[in-house]
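**Student:** Next comes the sequence, and after it the predicted model I'd like to discuss.
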Amino acid sequence: MLMVRLSRVGEKKYATYKIVIQEKSKDPWDKALEYLGTYNPHTKELKVKKDRIEYWLSVGAQVSATVNNLLIKNKIIKGEKMKAAKLNKKKNGEGEKARKRRKKR
């Protein structure tokens, strides 16, 4: 399955990202079929090839949650935002201790 996602580039402690289309199972730093744009999280600058993104979505490519939210925020595509971050149980407060405390109440 093809996926539009971010590939990290840039210097140490100053990341920038390329927006690429590639197989979902491949490593994000592997070769991409096509480069669709760039994103700089420090300046919040997003540069994309809108026509190419629309083409890839029309042929069935999926979009990662982060890229989906960026494209919606910048009004490149329409739709609902996805939940991008997945918290583990410890950070979410659902660890073993939290469950025991809830049972005692």
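**Tutor:** Everything's here; your move.
**Student:** Can you give me the neighbour number for the closest residue to residue 31 other than its chain neighbours?
**Tutor:** With sequence-adjacent residues excluded and distances taken as Cβ to Cβ, 6 or more residues apart in numbering, residue 31 is closest to residue 22, at 7.4 Å. Bear in mind the C-beta positions are built from the backbone N, C-alpha and C, glycine included. The local packing of residue 22 (other Cβ atoms under 10 Å) involves 19 other residues.
**Student:** So residue 22: helix, strand or coil?
**Tutor:** strand (DSSP: H, G, I helix; E, B strand; the rest coil).
**Student:** Also the one 3 residues further on?
**Tutor:** Local secondary structure at residue 25 is given as coil here, using three-state DSSP.
**Student:** Check it and give its pLDDT.
**Tutor:** pLDDT, residue 25: 91.
**Student:** Kindly report the same for residue 44.
**Tutor:** 94.
**Student:** Next, find the distance separating it from residue 84.
**Tutor:** 15 Å (Cβ to Cβ, to the nearest Å).
**Student:** next one: residue 35
**Tutor:** Counting by Cβ to Cβ, the gap from residue 35 to residue 84 is 22 Å.
**Student:** Send over stretch 63-72 as PDB, restricted to the C-alpha atoms.
**Tutor:** Coordinates of each C-alpha in stretch 63-72 appear next as PDB, following Å, rounded to 0.1, in the frame of the first residue of the first chain:
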ATOM      1  CA  VAL A  63      -2.000   9.600   4.200                       C
ATOM      2  CA  SER A  64      -0.300   9.300   7.600                       C
ATOM      3  CA  ALA A  65      -2.100  11.000  10.500                       C
ATOM      4  CA  THR A  66       0.500  13.800  10.800                       C
ATOM      5  CA  VAL A  67       0.500  14.600   7.100                       C
ATOM      6  CA  ASN A  68      -3.300  14.500   7.000                       C
ATOM      7  CA  ASN A  69      -3.500  17.000   9.800                       C
ATOM      8  CA  LEU A  70      -0.900  19.300   8.200                       C
ATOM      9  CA  LEU A  71      -2.700  19.200   4.900                       C
ATOM     10  CA  ILE A  72      -6.100  19.900   6.500                       C
END
